[in-house]
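Novice: just coords:
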């Protein structure tokens, strides 16, 4: 790490170790399954063994007769719900086919794992035994698994629409046909971004407790505030009577950005049975029913002048949404469309999206959500174009970068990138990676039969989700303003509690937010407590996803703290007989500028505020709330390089080096940023090399456990080399951008380009992920120039 | 309900007697019967290692051991490693090196890492990576976990040598 900016004056910018960790490393943290309540019952779901079938009958008698079983429910029992599970994205003017989606199937199942019945009883094991005794008779219907076959249809997943098409949506800027007409070279590729699982190590889990008209739900979620709203609406309760708590949450990766049927069921059943209900998901369930991600097949076309200047970029995405629309399903490919030009100045860009139903688990946001797919299309195709032109892949990137003078830079599609300095991150990357030396080494190794390759990815993305003017109903039509809230309470003693509307689950926001507050209030971060993930504590919030929690939530905390500071200064000024504008904060007090010894600590000021000895006209107390709605998204960026060895005999890929230079604006805690990059890159490498959700032709899930769905282990991952540049965002006072998804957005393209670079001497010029040994071996074996890519899942 | 059996265990140095069904997994006995919820469950197939504890000093996946199989044994869980005021060196190393994010895999990871150093006090990076192959983490990319274990190794060898 060699960010050359000056050393931080306060806590912000420092690598403070995490406030979260003591409870986590001692086993004292509380995840959902760690919480039990008196009288609690367990639930176990009976799930469809069929990909597509009519339910002929459900015999629950044997299950219900078992000892300790209190109830067995089917879809008909839940007819009193206020409505089906929500799909919240309705783009203005676009027709979206949206089937009803219920917590328990009503009459038919649409994918393996679809819940059919649920058993409620006295212990963890007994309900699983009983669930096995529920006999479901199915009348099998033809299942459609391949999205390209599905779009041609029939058979149809939802017969009532007469099509498997969900929707069509386009975003265009300039005139791509005119751009291609100007081009000297045009490359076209079929880019397959296969289906993956979020696979947090903690599966989902819920504990619902309805008592005396009020509901409390503990759930492993990223979005407790959304869950509260929908529980209230669907159960006919006032939001004031619904409390949703995300306790410690063991990873989300987008999978827990959802309103799930199991959450709704547990709440409904708790009210019905007047007992607390717990459901803890098994890994096999998580792999088959928690929403999955990616699964796009795209026709990608890029045109350029002979000198490498890109003239047009056109992608047509077929996005496999699985069997239902979940909360944001149709939006996901559009998030990619907003940055389809990447970090390049491309005058003509068009993205055409078609969503399609198949008899598979639904897809929705998984780490990166549309932007890894966009980056893969841009960066892999750009390398293909460079090869076609005989250009160096680094050079073609430089040729097309949006120059830093252009920022804020409006792209062809009208999206305004906040800030960027793409040459600087690439220059920094090349300080770590000597490409000329690599090429010599590569040539030498090839003569020895070792196939080593290098791949680059220079990327940007759109995150910090907000602003409401774009995300709200008047914008692209997510039915939510995506502002963020914060409330700061300075207690009598000067201790500080911060309530954030975000809901972190591993990111370290408790630490980062404490650093921000500590600097502003002249206290140590250890006296700043961050409360999150509880809808009854603090104001309404908008949760954690889309790399938003620092850029929106952190900024809200900063703004609320600024209000506290204003009041503190007024009190101190009155006490010290100075002007408020002459009061400044030091490391441990508020003092008159130029007289740092003469001042009051925050605890002294709080004492004054709470005994009511405040200046005339001022309210007592020291507590402030902010709702912050930014003007724009934020656009982090970076330059990554990956070096791989491919074993030509076995097709196995080994990552030798991974170097990531990222710029997520001003750093609050560089240690946390590095951690996010490490994890993000591993997620992207995992997709590129190992992971793939695989269904057979009949719709049976083959990758139903961690035995056959291979998330990376320590043994496969290299040590990562990371570095940063800092280009502040002008959008918020922190200068911060998001970083949670950055590594994932970049990595799969860097790995793919590296593997192709390694394989070229073997006659393989192009290959899609997953870059598994079998697929690489096949590609080498059948290499006759460009490898023809096969079907959707191949 | 099935009949139950008595199981006697020493857990974190305390003698405990449990009455459990013969099929109850050690991890559930620890969590549900003894309230030791620091040991987690992350899969159904013994792949993830979140449930790793020490059984007579050896790391085991407690989802793959029946409570009855542990009869008469000494079990150490994450709660027995150290407290906030008196952390085990491996806990301290994970904290100092940002070796965790969501924390769900962390107890199992710490138990496996501590067992590695008990056997091999001065491992190479490759040895650490190999030893932790049975513990899955989705947050960290393993970089800082490996760094934590190497840091704990270098500190303990400095002290004990």
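Specialist: On my side now, so go ahead. Just so we're clear, the structure is a prediction, and the values are computed from it rather than from any experiment.
Novice: tell me what residue A:500 is bridged to.
Specialist: Residue A:500 forms beta bridges with residue A:486, as assigned by DSSP bridges.
Novice: report all helices and strands that the lowest-mean-pLDDT helix or strand in chain B contacts.
Specialist: When each helix and strand of chain B is scored by mean pLDDT, DSSP states H and E, helix B:143-160 comes last, with a mean of 87. For helix B:143-160, the contact count by 3 or more C-beta pairs under 8 Å, 6 or more residues apart in numbering or on different chains; DSSP states H and E identifies helix A:670-689, helix B:89-96, helix B:106-119, helix B:125-131 as packing neighbours. Bear in mind the C-beta positions are built from the backbone N, C-alpha and C, glycine included.
Novice: would you mark the buried spots in it?
Specialist: B:143, B:144, B:145, B:146, B:147, B:148, B:149, B:150, B:151, B:152, B:153, B:156 (16 or more other C-beta atoms under 10 Å in any protein chain shown).
Novice: likewise stretch A:214-223?
Specialist: Across stretch A:214-223, burial judged by 16+ other C-beta under 10 Å covers A:215, A:216, A:217, A:218, A:219, A:220, A:221, A:222, A:223.
Novice: gap between that stretch and the chain center?
Specialist: Centre-to-centre, stretch A:214-223 and its host chain are 19 Å apart (C-alpha atoms, centre = their mean, to the nearest Å).
Novice: likewise stretch A:554-574?
Specialist: 32 Å.
Novice: so which bits of that stretch are buried?
Specialist: A:554-561, A:563-565, A:567-574.
Novice: tell me which element whatever residue of chain B ends up closest to chain A falls in.
Specialist: Nearest residue of chain B to chain A, counting by C-beta to the nearest C-beta: residue B:38, 1.9 Å away. Residue B:38 is part of no helix or strand when elements are defined by DSSP states H and E.
Novice: what's the nearest residue to residue B:139 if we skip its chain neighbours?
Specialist: residue B:101 (3.5 Å; C-beta to C-beta, 6 or more residues apart in numbering or on different chains).
Novice: show me the contacts for the one you found.
Specialist: Shown in contact with residue B:101 (C-beta atoms under 8 Å, 6 or more residues apart in numbering or on different chains): A:251, A:506, A:507, A:508, A:675, A:679, B:139, B:140.
Novice: among those, which ones are in strands?
Specialist: If you go by DSSP state E, the contacts of residue B:101 have nothing in strands.
Novice: got any ranges where the chain has weak pLDDT?
Specialist: In the absence of a named chain, this looks at chain A. A:1-6, A:784-794 (pLDDT under 70).
Novice: chain B was what I was after
Specialist: Across chain B (using pLDDT under 70), the flagged ranges come out as B:1-2, B:158-161.
Novice: measure the residue sitting furthest away from the middle of chain A to residue A:592 for me?
Specialist: No residue in chain A sits farther from the centre than residue A:577, which is 50.8 Å out by C-alpha atoms, centre = their mean. Distance of residue A:577 to residue A:592, computed by C-beta to C-beta, to the nearest Å: 9 Å.
Novice: residue B:9 contacts residue B:71, doesn't it?
Specialist: Yes: counting by C-beta atoms under 8 Å, residue B:9 touches residue B:71, with 7.2 Å between them.
Novice: more neighbours, the two?
Specialist: residue B:9 (23 against 13; other C-beta atoms under 10 Å in any protein chain shown).
Novice: do whatever helix or strand that one lives in and chain A meet?
Specialist: Assigning secondary structure by DSSP H and E places residue B:9 in strand B:5-11. No: Strand B:5-11 does not reach chain A (C-beta under 8 Å from any C-beta of the partner chain); its nearest approach is 12.5 Å.
Novice: direction included, what does that strand pair against?
Specialist: In the sheet, strand B:5-11 lines up with strand B:14-20 (antiparallel), strand B:74-76 (parallel) (DSSP bridges).
Novice: in space, what's closest to the residue in chain A that chain B sits nearest to - neighbours in sequence excluded?
Specialist: Nearest residue of chain A to chain B, counting by C-beta to the nearest C-beta: residue A:27, 1.9 Å away. Nearest non-adjacent residue to residue A:27, counting by C-beta to C-beta, 6+ apart: residue B:38, 1.9 Å away.
Novice: and the one you found, what does it touch?
Specialist: A:26, A:27, A:28, A:29, B:77, B:78, B:79, B:107.
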